[in-house]
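>>> dropping a prediction and its sequence here:
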Amino acid sequence: MNGLKKALGIFWILLGPASIIFMFIQAIEKVGLAPEGVAKTNTALQWGIILFIFIPISAGLVVFGYYALKGEYDKLPED
Amino acid sequence: MNVEPQKNSIFKVIGASSLGTLIEWYDFYIFGSLATIIGSQLFPADAGASALINTLAIFAAGFIVRPFGALVFGRLGDLIGRKYTFLLTLVLMGGSTFLIGLIPSYSSIGYAAPILVLILRLIQGLALGGEYGGAATYVAEHAPANKRGFFTSWIQTTATGGLFLSLGIIVLTKNLLGAEDFAAWGWRVPFLLSILLVGVSIYIRMKMHESPMFTKLKTEGNISKNPLKESFSHKANFKMVLLALFGATMGQGVIWYTGQFYAQSFIENTCKVDFNDSRYILLWGIAFATPFFVIFGSWSDKVGRKWIMLTGMLLGIIFYRPIYQIFLDDTDVTKIEQKDIKEISNPVVTKTLIENTSDSLITTTSQVTLLSGASFTKIQAHAKYADLSKPESISPDAFKDKKLSTPVFWKFVFLIFFQILLVTMVYGPIAAFLVELFPTKIRYTSMSLPYHVGNGVFGGLVPFIATLIASFSGSTPLSGLWYPIGIAALSFIIGAIYLSNKKPDHGEADH
């Protein structure tokens, strides 16, 4: 199980930036599709909020993956 | 330290803590339940800037600031104590809710109205961010280690209870005052009422004592000097914060908000079920499922927290799409055959001129009643152009105000009950789970952040993000479910692999 925990650490490290890139692509596409005026401003604002919130969380996932890779979760304090 | 308080003492602790937390959830949810009316009263109908503020303030701001409240008040709670910190959050929440009820309308004070509401909504979010962690920690630190799941599960009922109370008081006020008065001024009543509820709760909480574990730490001079630094800059603790977020609270948040918020929004807005029916379905579902918070909380004391929470997530991943497909199929009136129709009312035809043109829109509305007892309103619309050479433009038939037959109504109640049952599985044991992950001296800070990021951000944004996904071109009404399913699946995998299934011992020492 500890081997799996460490191996998946690499996946979490990659998933963090991958999710940010995916969200950026979605944001650019959806804002581009929105009609001009208030609708466009609102769409840009909505995606701005999503990116603002989820970028630090994705960074947290990278740190989580790094800890997993280093074996920090091999033994938890309550084990 | 193993705390074994008298039974009546622990129930006083639970009662005082739960009442305050219930009121905070009530305050938080009445805003959402009355968002449409608040929008019409406090924002201009036709200004772009107000639409912007409206969207931000009402649907997102309160959720987004919850983690910041967790940091601010969590730190205070670890420095000055649990009791006074969650008294402060109660005062802030109650005060801001009361003030929202007093804010003049846009027609009186212009843009000051939405700006003031935004500020008060932010204070609400901050206060809630501080309240929950305090109440859960306070109860857990009074409870014996082998019954933490049972005792903290009472705190877990308060979020659903607050939603139930807010829906109940709004429906009651509306029925007493009538729809017109309620829209004009009666919507303020549930906000103003909050001050009475908060007053009672403050009085009760003032009589409570500080948590015994915190008191012991304080007496020994062992309280944390900088809880934020200790929580997030020490690897040993920060790794547990991340594990709690990705392996538990993230999945718990999306299960909570899908079962209790998105479900109701889906039934009302996508399936077009009647306003009252959609709320009654939710109220029945909540009423039947709420006891299970305590059942699963208590069970987690015996079998451990991990697999109860993860099973709730897994069942959501498996059953969300079939459940929502049933909602769609059972409200699809396009497949109804002529033999099923009992009566069609005489059509009401209205003709309205399309603004700035000589063209007109002709709408034909009729009420259809089925032999099963179900009914719905059918709307046919077509545009008639002044230029007769243009062919008429006919819109597809639209349906609204669907009233369900009795068997389908109860089938929907069961499906909502099932979803809330999953909520009780993931949410019932989670307070005890979080409390046990972190040491007493930085517990308030450490457990509050992952909880409010998971519940407030991942969960609170479910209706918004799921609706957004469902609006993409090429998507189906069920596409929005990929957000909660995906997040729950990720959390399930991380939780299953990285979390350990701790079973509390009778003689367990606290850290």
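All right, it came through fine.
>>> quick one: name the residues of the stretch 151-300 of chain B near chain A.
B:235, B:236, B:238, B:239, B:240, B:242, B:243, B:245, B:246 (C-beta under 8 Å from any C-beta of the partner chain). In short, each C-beta sits where N, CA and C put it, glycine included.
>>> now name the helix or strand holding the third one.
The one in question is residue B:238. Residue B:238 is part of helix B:235-244 when elements are defined by DSSP states H and E.
>>> and that helix, C-alpha only, in CSV?
The C-alpha trace of helix B:235-244 is given here as CSV (Å, rounded to 0.1, in the frame of the first residue of the first chain):
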residue,chain,number,x,y,z
LYS,B,235,4.8,19.8,7.8
ALA,B,236,3.5,17.2,10.3
ASN,B,237,0.2,19.2,10.8
PHE,B,238,-0.1,20.7,7.3
LYS,B,239,0.0,17.3,5.6
MET,B,240,-3.0,16.3,7.8
VAL,B,241,-4.9,19.5,6.8
LEU,B,242,-4.3,18.5,3.1
LEU,B,243,-5.3,14.9,3.7
ALA,B,244,-8.5,16.0,5.6
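>>> ok, back up a step: for PyMOL, write a command that selects the buried ones of the residues of the stretch 151-300 of chain B next to chain A.
Buried members of those, defined by 16 or more other C-beta atoms under 10 Å in any protein chain shown, are picked up in PyMOL with:
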select buried, chain B and resi 238+239+240+242+243+245+246
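>>> widest-spaced pair of the residues of the stretch 151-300 of chain B next to chain A?
Pairwise distances across these peak at 17.1 Å for B:236 and B:246 (criterion: C-beta to C-beta).
>>> residue nearest the centroid of chain A?
residue A:58 (2.9 Å; C-alpha atoms, centre = their mean).
>>> next, the buried residues of the host helix or strand of that residue.
Using DSSP H and E, residue A:58 falls within helix A:38-69. Residues of helix A:38-69 classed as buried by neighbour count (16+ other C-beta under 10 Å): A:38, A:41-43, A:45-47, A:49-50, A:53-54, A:57-58, A:60-69.
>>> could you find the closest non-adjacent residue to the residue nearest to the centre of chain A?
Leaving aside its chain neighbours, residue A:58 sits nearest to residue A:16 (4.4 Å; criterion: C-beta to C-beta, 6 or more residues apart in numbering or on different chains).
>>> how about residue A:59?
residue A:16 (6.4 Å).
>>> what does residue B:12 give?
Per C-beta to C-beta, 6+ apart, closest to residue B:12 is residue B:208, 7.6 Å.
>>> where's residue 13, which helix or strand?
Since you didn't name a chain, this refers to chain A. helix A:2-33.
>>> I was thinking of chain B, sorry if that wasn't clear
Counting by DSSP H and E, residue B:13 is found in helix B:7-33.
>>> neighbours of the spatially closest residue to residue B:461 that is not a sequence neighbour, how many?
Spatial nearest neighbour of residue B:461, chain neighbours left out: residue B:63 (6.5 Å); criterion: C-beta to C-beta, 6+ apart. Neighbour count of residue B:63, defined by other C-beta atoms under 10 Å in any protein chain shown: 25.
>>> just the one 3 residues further on next, same as before
Summarising burial for residue B:66: neighbours were counted as other C-beta under 10 Å, giving 27.
>>> on that earlier part again, what sits against the residue nearest to residue A:58?
A:58, A:59, A:60, A:61, A:62, A:65 (C-beta atoms under 8 Å, 6 or more residues apart in numbering or on different chains).
>>> rerun at 7 Å
By C-beta atoms under 7 Å, 6 or more residues apart in numbering or on different chains, the residues touching residue A:16 are A:58, A:59, A:61, A:62, A:65.
>>> equivalent analysis for residue B:470, please.
B:477, B:479, B:480.
>>> which outside residues touch the helix holding residue B:238?
A:60, A:63-64, A:67, A:72-73, B:230-232, B:434, B:437-438, B:442, B:446, B:449-450, B:498-499.
>>> for the strand or helix carrying residue B:166, buried residues please.
When elements are assigned from DSSP H and E, residue B:166 belongs to helix B:148-177. Within helix B:148-177, the residues that qualify as buried are B:148-167, B:169-170, B:173-174, B:177, counting by 16+ other C-beta under 10 Å.
>>> any low-confidence regions in chain A?
For chain A, the stretches with pLDDT under 70 are A:38, A:78-79.
>>> near chain B, which residues of it?
A:4-5, A:8, A:38, A:41-42, A:45-46, A:49, A:53, A:57, A:60-61, A:63-64, A:67, A:72-73, A:76, A:78-79 (C-beta under 7 Å from any C-beta of the partner chain).
>>> next, the contact list for residue B:322, please.
No contacts exist for residue B:322 under C-beta under 7 Å, 6+ apart.
>>> and it, how far from residue B:328?
Separation of residue B:322 from residue B:328 (C-beta to C-beta, to the nearest Å): 11 Å.
>>> how about residue B:456?
29 Å.
>>> so which of the two has more stuff around it?
Taking other C-beta under 10 Å, residue B:456 and residue B:328 do not tie; residue B:456 has more neighbours (26 against 15).
>>> chain A versus the more buried one, what's the distance?
To chain A, residue B:456 is 10 Å away according to C-beta to the nearest C-beta, to the nearest Å.
>>> try residue B:261
Per C-beta to the nearest C-beta, residue B:261 is found 18 Å from chain A.
>>> assumed that residue was part of a helix.
Yes: when DSSP: H, G, I helix; E, B strand; the rest coil is applied, residue B:261 is found to be in a helix.
>>> how about it, nearest residue that isn't a chain neighbour?
residue B:463 (5.3 Å).
>>> quickly find the element holding that neighbour.
Element membership of residue B:463, judged by DSSP H and E, is helix B:462-470.
>>> what stretches of the stretch 401-511 of chain B score poorly on pLDDT?
The model of the stretch 401-511 of chain B has pLDDT under 70 over residues B:503-511.
>>> so which residues on it come close to chain A?
B:436, B:453, B:457, B:468, B:497, B:498, B:500, B:502.
>>> as JSON lines, these with secondary structure would be great.
What follows is those, written out as JSON lines (three-state DSSP):
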{"residue": "B:436", "secondary structure": "helix"}
{"residue": "B:453", "secondary structure": "helix"}
{"residue": "B:457", "secondary structure": "helix"}
{"residue": "B:468", "secondary structure": "helix"}
{"residue": "B:497", "secondary structure": "helix"}
{"residue": "B:498", "secondary structure": "helix"}
{"residue": "B:500", "secondary structure": "coil"}
{"residue": "B:502", "secondary structure": "coil"}
